[in-house]
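Undergrad: Need the 3D shape of this:
(one chain, ligands or ions: 2)
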Amino acid sequence: MPKTALITGISGQDGSYLAEFLLSKGYEVHGMKRRTSTKYSACIEHLKDQITLHDGDLLDSSSLIRVFEQTRPDEVYNLAAQSFVPLSWEQPIFTTEATGVGVARMLDAALHVDRNIRFYQASSSEMFGKVRETPQRETTPFHPRSPYGAAKAYGHHITVNYRESYDMFACSGILFNHESPRRGLEFVTRKISNGVARIHAGLDTELCLGNLDAKRDWGHARDYVRAMWMMLQQDKPDDYVVGTGEMHSVREFVEIAFDQVGLDWQKYVVVDPKFYRPAEVDQLLSDPTKAREKLGWEPRVTFEELVREMVDKDRAILSSKKPVGLKLKTA
Ligand code: NAP
Ligand code: G4F
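TA: Ligands and ions are numbered 1, 2, ... in the order given. Alright, predicted model coming up:
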């Protein structure tokens, strides 16, 4: 019997890579999406004949219970969230409801429909925020710096709590930043790769960014979804930090991205304080020792390969688009 998986947030970056990965392992894959979702549907367009989609919303418990009953999953990957940090200051209550309380709704639905479900929660390195130690590991205390980080910290703790209270197989993956050509255009890496492609094509003359000194531990999303699955295949549920163990600045990302098209970044990048945050996470660096030793997980894509792949893909996307206003010749 093939295993059945339910992925929330399947229309997002990670959801699409995880769906591909689970299909390759022979899983029956179900995805939950909001009825109003259109923005990211391009990520799963190529999978539409191999997966089954269900309408549901983290804000609506009854929809979650219905999706659990319809799909009867062996494994649930809770990837849905309001995931963009700056928006969390503009919509703190919505972010708390979706990214934080939504986790409790998911866990409770799992508990009541089938407490044997294996549950993965998408926790985040944003929980470390103003970091208490470097590198960060599973035992590093949290100090979130945004409503998003605070909501993720709640989601993390409630996942641990359901594991301890009800003996559920609930795991929390504390994932550091991971990117890909499927990343939303609002996140800094894709904003840069898309901006570089547009400048190189002569469509833009500058790229406006915020804090170039911020440092992140950036990996490739395809590597990180493998770690999610590995966590649910263990004998015991646990929490794991997942990252590369390398840290780079936004400036370094910019330099390599412009280098990929042979341009000098200093001629095009403009720092605009409107992209600064009310409270910044200055640096994040993982210690992925536990994931390496217990799961056997290691990242395969390097930072430089990631940056160059994203720029190349954005150039390919741009050049495959039909020029606006150009009429096709008819016979
Ligand atoms: P993403 O591309 O922004 O995808 C988020 C998904 O959540 C989208 O499919 C979105 O659907 C869905 N969603 C948002 N609000 C929802 C709601 N109320 N009900 C149901 N679905 C909702 O994010 P990602 O990069 O794939 O990240 C996946 C998860 O990992 C997120 O929880 C994120 O916070 C977490 N995470 C990400 C990273 C990273 O670096 N990428 C690192 C650590 C943790 P729509 O299409 O309807 O908007
Ligand atoms: O790409 P970002 O918006 O990602 P951020 O805030 O680190 O959050 C991402 O990673 C988290 C894991 O740590 C996830 F949980 C979360 O869901 C999301 O996927 O910003 C990265 C850094 C920040 O320090 C920001 O200040 O880039 C800096 N930055 C500089 N200029 C910018 C910009 N960020 C954005 N989005 N846009 C800019 O123009």
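Undergrad: which stretches of the stretch 1-150 of the chain form helices?
TA: With DSSP state H, counting those that start in this stretch applied, the stretch 1-150 of the chain shows helices at 13-24, 61-71, 85-90, 92-95, 102-113, 147-166, listed in chain order.
Undergrad: low-confidence ranges in this protein?
TA: 37-40, 322-331 (pLDDT under 70).
Undergrad: Show me what residue of it gets nearest to ligand 1.
TA: Sorted by distance to ligand 1 under CB to the nearest ligand atom, the residues of the chain start with Gly12, at 2.1 Å. For the C-beta atoms, the positions are set from N, CA and C on the backbone; glycine is no exception.
Undergrad: from memory that residue sits against Phe84, does it?
TA: No: counting by CB atoms under 8 Å, Phe84 is not a contact partner of Gly12; they are 10.9 Å apart.
Undergrad: List the residues that are in contact with both of the two.
TA: When contacts are counted by CB atoms under 8 Å, 6 or more residues apart in numbering, the set common to Gly12 and Phe84 consists of Gly184.
Undergrad: Between these two, tell me which one has more neighbours.
TA: With neighbours defined as other CB atoms under 10 Å, Gly12 and Phe84 compare such that Gly12 has more, 26 against 14.
Undergrad: picking that back up, quick one: which of the helices of the stretch 1-150 of the chain is nearest Ser193?
TA: The stretch from those with the least distance to Ser193 (CB to CB) is helix 13-24; that distance is 13.4 Å.
Undergrad: Check which residues of the closest one are buried.
TA: 13-22 (16 or more other CB atoms under 10 Å).
Undergrad: which residues are in contact with that helix?
TA: With CB under 8 Å, 6+ apart as the test, helix 13-24 has contacts from 5, 7-10, 29, 31, 40, 43-44, 47, 50-51, 77, 79-80, 122, 178-180, 182-184, 221-222, 224-226, 228-229.
Undergrad: Just the buried ones among these, please.
TA: For the contacts of helix 13-24, a burial check counting by 16+ other CB under 10 Å picks out 5, 7-10, 29, 31, 40, 43-44, 47, 51, 77, 79-80, 122, 178-180, 182-183, 221-222, 224-226, 228-229.
Undergrad: So which of these reach ligand 2?
TA: If you filter these for contact with ligand 2, counting by CB under 6 Å from any ligand atom, you are left with nothing.
Undergrad: measure the nearest residue to Tyr148 once chain neighbours are set aside to Gln13 for me?
TA: In space, Tyr148 comes closest to Ser88 once its chain neighbours are excluded; the distance is 3.7 Å by CB to CB, 6 or more residues apart in numbering. Distance of Ser88 to Gln13, computed by CB to CB, to the nearest Å: 18 Å.
Undergrad: Now the phi/psi pair for Trp226, please.
TA: Just to correct that, residue 226 is Arg rather than Trp. Reported as degrees, to the nearest 10, the phi and psi values for Arg226 are phi -60, psi -40.
Undergrad: Do I have it right that it meets Leu295?
TA: No: Arg226 sits out of contact with Leu295 when judged by CB under 8 Å, with a separation of 9.1 Å.
Undergrad: is stretch 147-165 up against ligand 1 anywhere?
TA: No: contact check for stretch 147-165 against ligand 1, using CB under 6 Å from any ligand atom: none in range, with a minimum separation of 6.7 Å.
Undergrad: what do you get for stretch 65-79?
TA: Yes: contact between stretch 65-79 and ligand 1 is present through Leu79 (criterion: CB under 6 Å from any ligand atom).
Undergrad: Touching that stretch from outside, list them.
TA: Contacts of stretch 65-79 with the rest of the structure, by CB under 8 Å, 6+ apart, involve 3-10, 12, 14-15, 18, 27, 30, 32, 52, 54, 56, 102-103, 106, 109-110, 112-114, 117-122, 228, 232.
Undergrad: Pull out the buried residues from that stretch.
TA: Neighbour-count burial for stretch 65-79 flags 65-68, 71, 73-79 (criterion: 16+ other CB under 10 Å).
Undergrad: what does stretch 239-247 rub up against?
TA: With CB under 8 Å, 6+ apart as the contact definition, stretch 239-247 has outside contacts at 123, 125, 135-138, 156, 160, 171-176, 215-219, 224, 227, 231, 283-288, 290-291, 294-295, 297, 299, 303.
Undergrad: Which of these fall within helices?
TA: Among those, DSSP state H puts 156, 160, 224, 227, 231, 290, 303 in helices.
Undergrad: Tabulate the residues you listed (TSV), appending distance to Lys130.
TA: Listed next are the ones in helices among the contacts of stretch 239-247 as TSV, based on distance: CB to CB, whole Å:
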residue	distance to Lys130
His156	17
Val160	22
Tyr224	24
Ala227	25
Met231	27
Lys290	23
Phe303	24
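Undergrad: If you rank those by neighbours, which is first?
TA: Ranked by neighbours (other CB under 10 Å), those are led by Tyr224, which has 26 neighbours.
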